[in-house]
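Asker: Model the structure of this input:
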Amino acid sequence: MSNHMNGAHYQGWATPDDLFDALVRRFGEFDLDVSASAWSAKVPLYFDEQADGLAQPWHGRCFLNPPFKQMARWLGKALEECHLRGVETIAIGKSATDAAWWHDLAAQGEVYMLRGRPQFDAPPGEVNLQRNAYPIVVIRLAPDVLPGFYLWRWKDMAV
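Answerer: Numbers count the residues shown, from 1 in each chain. Sure, this is the predicted structure:
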């Protein structure tokens, strides 16, 4: 496990519990959190910065909340794992319809546009004074994916 906070793969903000609970209700339990830290992991089995999820094989149904500046690398890895091992990945990202990664990678999946903006959790010891400035999407990449864009009232599914 890593305590580093400045690495290229560091996930600086944690997925809020209400959004994660809604994801579990919609897609089922997750086997692996591929971009986490000890404090932000949502699944007991996870890759932190030291383990480097980009360098590891994935399995089962994976949860991905990557650094948003590296969406292309992480979605590329998710697609690779889908094709090589049949892995299903549920990824959280910002809606960036003008970005190359959006057109090249996200459009190969099921893109769920969330109604409302989830507020991500700040690292321990930090005060979260910022509100989420981005529209957020959930991208499902899997062998049985039905590419397209869907509206999702995720708060209706949260506990």
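
Asker: Please make it C-alpha for all contacts and neighbour counts, starting now.
Answerer: Will do.

Asker: Only the buried residues of the helix or strand bottoming out on mean pLDDT in the chain, if you could.
Answerer: The weakest-scoring helix or strand in the chain, judged by mean pLDDT, DSSP states H and E, is helix 100-104 (a mean of 89). Within helix 100-104, the residues that count as buried by 16 or more other Cα atoms under 10 Å are W101, W102.

Asker: Residues contacting that helix, please?
Answerer: With contact meaning Cα atoms under 8 Å, 6 or more residues apart in numbering, helix 100-104 is reached by M71, A72, A96, T97.

Asker: what about 10 Å?
Answerer: Residues outside helix 100-104 that contact it (Cα atoms under 10 Å, 6 or more residues apart in numbering): 70-73, 75-76, 93-97, 106-108.

Asker: and which of these is nearest to F20?
Answerer: For these, the closest approach to F20 (Cα to Cα) belongs to G93, at 13.3 Å.

Asker: Tell me which entries of the contacts of helix 100-104 lie within helices.
Answerer: Using DSSP state H, the subset of the contacts of helix 100-104 located in helices is M71, A72, R73, L75, G76.

Asker: quick one: which of those residues has the most company?
Answerer: Among these, the one with the most neighbours (other Cα atoms under 10 Å) is L75, at 26 neighbours.

Asker: isn't that one right up against T89?
Answerer: Yes - counting by Cα atoms under 10 Å, L75 touches T89, with 8.9 Å between them.

Asker: between those two, what contacts are shared?
Answerer: The contact sets of L75 and T89 overlap at L64, E81, G109, I139, R140, L141 (Cα under 10 Å, 6+ apart).

Asker: Take the ones in helices among the contacts of helix 100-104 and write them to CSV, including distance to P16 and pLDDT.
Answerer: Below are these laid out as CSV (distance: Cα to Cα, whole Å; pLDDT from 0 to 100):
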residue, distance to P16, pLDDT
M71, 19, 93
A72, 23, 95
R73, 23, 96
L75, 21, 96
G76, 24, 96
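
Asker: I'd like those laid out as a markdown table, including distance to G53.
Answerer: Below are these laid out as a markdown table (distance: Cα to Cα, whole Å):
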| residue | distance to G53 |
| --- | --- |
| M71 | 13 |
| A72 | 14 |
| R73 | 11 |
| L75 | 12 |
| G76 | 12 |
